[in-house]
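In: Need coordinates for the following:
(2 chains)
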Amino acid sequence: MPREKINLNIDVSATVVQGREVKLPLLKCEAFADVKNDSQELEPVMGWIEIEVRDLKGMVINRGKHEMRSFVNNLIRVLEGIMKDAGGAITSTSVTDTGGVSRTAYVEWYSSVGNVRGGGTVMAGLAPDNDSSYGIIVGTGTTPVNLNQVSLASPIAHGTNVGQLDYDAESVEDLGLDTSVSPPVYRFRLIRGFKNLSGDSITINEVGLVARNYWKDNGGIRNDVKYLIARDVLPTSYTIPDGGSATVVVTIEVVLG
Amino acid sequence: MKIGAEVVVEVDGKEVWRGPSKSFVVNLAKVLLGMLKAPGGAPAGVSALIASETVTAPDASSKTIWTEWYASDTQFAAGGTTLAINAPDNDASYGIVVGSGSTPVSPTDCNLASKISHGTGAGQLDYEPQTVKSSYSDTSSYVEISRAFINRSGGDVVVREVGLIGRNYWAYEKGVLNDVKFLIARDVLPNPILIPNLASLTVRYRISLSL
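Out: All right, here's what the predicted structure looks like:
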């Protein structure tokens, strides 16, 4: 059964913490309801971006949930490589890295006969602490999305200088199969925190997913290509005050039969 | 922006059905999860399975697929693939497959209900090699994989379901270390499709992006 978007704003009621009245922020979200309309086409993969911003004291000052709709051509190019790959021989595809350079990405790779410790990965997304080159990344740009984009319009680098954010290690959660919705979905999510230690506020307007194609052996790194697979311009800006932080959660839903 | 998946079925080059593929199964989500949870880049000297996921093989057994792996100090010419779909000629074990079953799709399906095997005997089809084509632009892109099946059985063959089986394959010079085939999509066709003797069936899966 297809889903139809409905706009929903939830004003969370005020509460009291330690004798002090605290107004919780408006929760901005795009909600989706199942609708019976067989003429509509259901998308096989959907995604959601959730952002929660906290101030210096750790209080939530802004949060929202938005539909993620912006996978880009690099993802299809990797899929093309997978479709051309039989298993048993080196196979590659062409992607454009985040620097705008056309690069080879291997979907299957083997070290040479004289090398040991060969191996790698096709589309890694779990970036470590202090690394803004892949995984979930954020930016200040608002340029509209097109499928050929290869980087955020204005990515925010890792760091503690003005205009930078301290990128935390990314984590992943397997939420599993949900048969309570129709059609059923399988969900997992990527989570990353960002701390603002820059001395000034920073505004997030765009969120991207950058994957890493990485192969090596005892002779060194044989391929290391970072390539954008999704970019979303958020309908709402999220400003992180100095000393504050943001958590970005990207939930992927694979819609199942 | 939209992401779409479409299945097209042709008999002797004439389209007999086209519709959205609505039937990805849990294994597809698992392999996507497995890829994205890989860290990409083990520390120097590390030789190990760094990232993996569990899928269900066509025989219903639970199998581990590798999504980031590095061979040991004694394993030469090592490497592999997380997901391969391009099955060769005469191989019905992966790639696009077809069947005669009509059991409704379940998200946990791990095989076709009744897969038609490769061959020229009664009830069999001759599985051809696959082809891939693609198109890219700022506003609309797709990649399509197709496979033909020729009926050389001497009688009619009826197809009621189509599917995609992927392969996770890792090896080194002395042998295969992991070779797991697993269903990632299954679609039951709205109407049975009759393939007369010596006729050909072509199935296409197209994944698209559009603004």
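In: Next, B:N27: secondary structure please.
Out: helix (DSSP: H, G, I helix; E, B strand; the rest coil).
In: What about it, how many residues nearby?
Out: Neighbour count for B:N27, taken as other C-beta atoms under 10 Å in any protein chain shown: 30. For glycine as for every other residue, the C-beta is placed from the backbone atoms N, C-alpha and C.
In: Quick one: low-confidence residue ranges for the chain.
Out: I'll assume chain A. Scanning chain A for pLDDT under 70 picks out A:1-42.
In: Let me rephrase: I mean chain B.
Out: B:1.
In: Show me where it has its strands.
Out: B:2-11, B:14-20, B:49-56, B:62-70, B:79-84, B:95-99, B:126-135, B:140-150, B:157-172, B:175-195, B:200-210 (DSSP state E).
In: The stretch 151-257 of chain A now?
Out: In the stretch 151-257 of chain A, strands defined by DSSP state E, counting those that start in this stretch lie at A:166-167, A:171-178, A:185-195, A:202-217, A:220-240, A:245-255, listed in chain order.
In: residues making contact with the shortest one?
Out: Applying C-beta atoms under 8 Å, 6 or more residues apart in numbering or on different chains, the contact partners of strand A:166-167 are A:127, A:129-132, A:137, A:158-160, A:192, A:194-197.
In: Compare those residues and tell me which has the most neighbours.
Out: Per-residue neighbour counts (other C-beta under 10 Å) across the contacts of strand A:166-167 peak at A:I137, which has 29 neighbours.
In: could the strands of the stretch 151-257 of chain A go into a markdown table alongside distance to B:L125?
Out: Shown next, in a markdown table, are the strands of the stretch 151-257 of chain A (distance: least, C-beta to C-beta, whole Å):
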| stretch | distance to B:L125 |
| --- | --- |
| strand A:166-167 | 52 |
| strand A:171-178 | 32 |
| strand A:185-195 | 31 |
| strand A:202-217 | 36 |
| strand A:220-240 | 36 |
| strand A:245-255 | 29 |
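In: picking that back up, just name the most buried of the strands of chain B.
Out: Among the strands of chain B, strand B:79-84 has the highest mean neighbour count (mean count of other C-beta atoms under 10 Å in any protein chain shown), at a mean of 27.
In: For it, what is the distance to the chain centroid?
Out: Relative to its chain's centre, strand B:79-84 lies at 13 Å (C-alpha atoms, centre = their mean, to the nearest Å).
In: Which strands or helices does it pack on?
Out: Here strand B:79-84 touches strand A:102-110, strand A:119-124, helix B:26-36, strand B:62-70, strand B:157-172, going by 3 or more C-beta pairs under 8 Å, 6 or more residues apart in numbering or on different chains; DSSP states H and E.
In: For stretch A:132-145, which residues meet the burial criterion?
Out: Going by neighbour count (16 or more other C-beta atoms under 10 Å in any protein chain shown), the buried part of stretch A:132-145 is A:S132, A:Y134, A:G135, A:I136, A:I137, A:V138, A:G139, A:T140, A:G141, A:V145.
In: Span of it from start to end?
Out: End-to-end distance of stretch A:132-145 (C-alpha to C-alpha, to the nearest Å): 20 Å.
In: From the chain's centre, how far out is that stretch? Work that out for me.
Out: For stretch A:132-145, the distance to the chain centre is 9 Å (C-alpha atoms, centre = their mean).
In: try stretch A:206-219
Out: The answer for stretch A:206-219 is 14 Å, by C-alpha atoms, centre = their mean.
In: so what's B:L49 closest to, chain neighbours aside?
Out: Excluding the flanking residues, the one nearest B:L49 by C-beta to C-beta, 6 or more residues apart in numbering or on different chains is B:W69, at 5.0 Å.
In: gap between the one you found and B:E144?
Out: From B:W69 over to B:E144 the distance is 30 Å, taken as C-beta to C-beta, to the nearest Å.
In: likewise A:V101?
Out: For A:V101, the distance to B:E144 - C-beta to C-beta - is 27 Å.
In: how about the residues of the stretch 151-257 of chain A that lie near chain B?
Out: A:172, A:174, A:177, A:179, A:183-184, A:186-188, A:190, A:211-218, A:224, A:252, A:254-257 (C-beta under 8 Å from any C-beta of the partner chain).
In: So A:L234 sits against A:E206, correct?
Out: Yes. Taking contacts as C-beta atoms under 8 Å, A:L234 lies within contact range of A:E206: 6.6 Å.
In: Which of those two has more residues huddled nearby?
Out: A:E206 (23 against 17).
In: give me every residue that touches the more buried one.
Out: Neighbouring residues of A:E206 by C-beta under 8 Å, 6+ apart: A:V138, A:G139, A:T140, A:G141, A:T142, A:L152, A:A153, A:S154, A:R231, A:D232, A:V233, A:L234.
In: Leaving out the residues flanking it, which one is nearest to it?
Out: A:G139 (4.3 Å).
In: just checking, the one you found touches A:G208?
Out: Yes. Taking contacts as C-beta under 8 Å, A:G139 lies within contact range of A:G208: 7.0 Å.
In: Could you name every residue contacting both of those two?
Out: By the contact definition C-beta under 8 Å, 6+ apart, A:G139 and A:G208 are jointly contacted by A:L152, A:P155.
In: Name all residues that make contact with residue 200.
Out: You didn't pick a chain, so chain A it is. For A:D200, the contact set (C-beta under 8 Å, 6+ apart) comprises A:V162, A:G163, A:D242.
In: other chain: chain B
Out: Residues in contact with B:S200, defined by C-beta under 8 Å, 6+ apart, are B:V11, B:D12, B:G13, B:A148, B:F149, B:I150, B:N151.
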